[in-house]
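Asks: how does the following fold in three dimensions:
(chains A and B)
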There are 2 protein chains.
Amino acid sequence: MGRTSTARDRLIDAAGTLMGDRGYAALGVAEICARADVRKGSFYHFFESKQALTVEAVEAQWQRRRATWLDCLGGDLPAVRRIERLVRAQVDSQRADKRDIGAVQGCLFGNLALELSNSDEVVRARVAEVFDAQIALLTAALRDAEAEGSIPPGAATPATARSVVAQIEGMVLFAKLANDPDVLDNLWPQTALLLRIDGAESG
Amino acid sequence: MGRTSTARDRLIDAAGTLMGDRGYAALGVAEICARADVRKGSFYHFFESKQALTVEAVEAQWQRRRATWLDCLGGDLPAVRRIERLVRAQVDSQRADKRDIGAVQGCLFGNLALELSNSDEVVRARVAEVFDAQIALLTAALRDAEAEGSIPPGAATPATARSVVAQIEGMVLFAKLANDPDVLDNLWPQTALLLRIDGAESG
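Replies: The predicted structure is shown next:
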């Protein structure tokens, strides 16, 4: 049992890593199995298709990322500082990939959203749920910030939260394109502008 | 001659359209040829590889988009109004795709950036040049806006321009994910925040 679940988990991990790097269509089951050190003949014992594996990979990666989101946005700091911590964690994650594997990996969810939205409804729907969850978590923190008086009345909306996630996704695209996490150095001050926080508070 | 160049142009157009929809790896030469109504045997008469065709498709699409960028950013209006015109043109383009073909297509350059940055240096470099050109055009308009006193001193930088292009790319991702161009309704007010324009001026 232990060995079986380990092979399944390795396939999920391998799919997430490889698709973060190069997307969905470029990858075959054989390459995912090789990376996971699982015999190709076993693949369909665990997953009925590459699509099914991809949904699991999205799920697994969001479970991990969600823990970071909850850690960053939780606790007793003022809400704006908690949001800043979340934004800086996104930057740190890209920086760690560059240091550990030599390449800015970008965002698995963003990659799959652009590649598959018009061709794979199952993966698209799961990725949309992940972004909806991110926007909901951020909107809750924005409401705290509004209650604390640190963002203007009316700014704590899902639309504002979406603009922040869009800024993260767009800037991560540029960091991946340049393979340079320093592109993200201004991500927090840029976010502060979208939140209508006075520049002086955003340093 | 006329017929030859038409077939080549049709292949370039087909590649741009199909890759805007579904990315690079999902497409084979056969499908591109079928869409272009060109015999598959002729493909390698025109292009040495799918990669070479892709570079041409990026080039062709940027030539068209660049004309829009120059139109929007040129002329006698105040610079902020010219930038607003550019942002609204991006929204209109996604709205037109949804109306004409039923799907928000997103941005060919963004799609390729996320899919190929870590695996195809030739396409990556060309896409990076396109975004650099966008950032340079926008930075010039920001300098006009700064000279006109409509954005704060110091805001007219390539970093500010990149944050605007990142916001466009990130929000277009969400519009594609939802297949709903109305997601872009707030793109200009969001851009105005990044430009540090007073909200009252951004309506």
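Asks: use CA for all of it now, contacts and neighbours both
Replies: OK.
Asks: what stretches of chain A score poorly on pLDDT?
Replies: Counting by pLDDT under 70, the ranges of chain A that qualify are A:1-5, A:198-203.
Asks: residues in chain A within reach of chain B, list them.
Replies: A:21-23, A:25-26, A:103, A:105-106, A:110-111, A:113-119, A:124, A:128, A:159, A:163, A:165-171, A:173-174, A:176-179, A:186, A:190, A:193-194, A:196 (Cα under 8 Å from any Cα of the partner chain).
Asks: distance check, the residue nearest the centre of chain A against residue B:36.
Replies: By Cα atoms, centre = their mean, chain A has its centre lying nearest to residue A:107, at 5.0 Å. Distance of residue A:107 to residue B:36, given as Cα to Cα, to the nearest Å: 33 Å.
Asks: and after the helix or strand where residue A:174 lies, which helix or strand comes next?
Replies: Assigning secondary structure by DSSP states H and E places residue A:174 in helix A:158-178. Next helix or strand after helix A:158-178 toward the C-terminus (DSSP H and E): helix A:187-194.
Asks: only C-alpha atoms, please: export that following helix in CSV.
Replies: Presented in CSV, the C-alpha positions along helix A:187-194 are these (Å, rounded to 0.1, in the frame of the first residue of the first chain):
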residue,chain,number,x,y,z
LEU,A,187,5.6,43.6,-7.1
TRP,A,188,4.7,44.7,-3.6
PRO,A,189,4.8,48.5,-4.4
GLN,A,190,2.8,47.8,-7.6
THR,A,191,0.2,45.8,-5.5
ALA,A,192,0.0,48.7,-3.0
LEU,A,193,-1.0,51.0,-5.9
LEU,A,194,-3.8,48.7,-6.9
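Asks: off-centre distance for it?
Replies: 18 Å (Cα atoms, centre = their mean, to the nearest Å).
Asks: just checking, what packs against it?
Replies: With contacts taken as 3 or more Cα pairs under 8 Å, 6 or more residues apart in numbering or on different chains; DSSP states H and E, helix A:187-194 sits against helix A:79-101, helix A:158-178, helix B:187-194.
Asks: possible to save the ones you listed as TSV with distance to residue B:152 and mean neighbour count?
Replies: Formatted as TSV, the helices and strands packed on helix A:187-194 follow (distance: least, Cα to Cα, whole Å; neighbours: other Cα atoms under 10 Å in any protein chain shown):
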stretch	distance to residue B:152	mean neighbour count
helix A:79-101	24	18
helix A:158-178	21	24
helix B:187-194	11	22
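Asks: format the ones you listed as a markdown table; extra columns: distance to residue A:60.
Replies: Formatted as a markdown table, the helices and strands packed on helix A:187-194 follow (distance: least, Cα to Cα, whole Å):
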| stretch | distance to residue A:60 |
| --- | --- |
| helix A:79-101 | 16 |
| helix A:158-178 | 19 |
| helix B:187-194 | 32 |
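Asks: pull the longest helix from chain A.
Replies: Counting by DSSP state H, the longest helix found in chain A is helix A:121-147.
Asks: tilt between that one and helix A:158-178?
Replies: Angle of helix A:121-147 versus helix A:158-178, following axes from the mean of the first three to the mean of the last three Cα atoms, to 10 degrees, is 120 degrees.
Asks: burial measure for residue A:26, as a count.
Replies: 17 (other Cα atoms under 10 Å in any protein chain shown).
Asks: so it sits against residue B:27, correct?
Replies: No: under the criterion of Cα atoms under 8 Å, residue A:26 makes no contact with residue B:27, lying 9.9 Å away.
Asks: shared neighbours, the two?
Replies: Counting by Cα atoms under 8 Å, 6 or more residues apart in numbering or on different chains, residue A:26 and residue B:27 have no contacts in common.
Asks: now the longest helix of chain A: buried residues?
Replies: A:123-124, A:126-128, A:130-131, A:134-146 (16 or more other Cα atoms under 10 Å in any protein chain shown).
Asks: gap between it and the chain center?
Replies: With Cα atoms, centre = their mean, you get 11 Å for helix A:121-147.
Asks: repeat that for stretch A:96-114.
Replies: Per Cα atoms, centre = their mean, the centroid offset for stretch A:96-114 relative to its chain is 9 Å.
Asks: and it, how far apart are its ends?
Replies: 24 Å.
Asks: residues contacting it, please?
Replies: A:16, A:19-21, A:23-24, A:58, A:94-95, A:123-124, A:127-128, A:130, A:169, A:172-173, A:175-176, A:179-181, B:22-23, B:106, B:110-111, B:114-115, B:118, B:173, B:176-177.
Asks: make it 7 Å
Replies: A:19-21, A:23, A:94, A:124, A:127, A:169, A:172-173, A:175-176, A:179-181, B:111, B:114-115, B:173, B:177 (Cα atoms under 7 Å, 6 or more residues apart in numbering or on different chains).
Asks: do the same with stretch A:47-66
Replies: With contacts defined as Cα under 7 Å, 6+ apart, stretch A:47-66 is touched by A:12-13, A:15-16, A:29, A:123, A:126, A:130.
Asks: likewise stretch A:27-34?
Replies: Outside stretch A:27-34, the residues touching it (Cα under 7 Å, 6+ apart) are A:11, A:14-15, A:39-40, A:50.
Asks: show me which of those is closest to residue B:86.
Replies: Of all those, residue B:86 sits closest to residue A:15, with 38.5 Å by Cα to Cα.
Asks: who touches that closest one in this structure?
Replies: Residue A:15 neighbours (Cα under 7 Å, 6+ apart): A:32, A:54, A:57.
Asks: the last one: neighbour count?
Replies: Which is residue A:57. 22.
Asks: what does the second one give?
Replies: Applying other Cα under 10 Å, we find 22 other residues in the vicinity of residue A:54.
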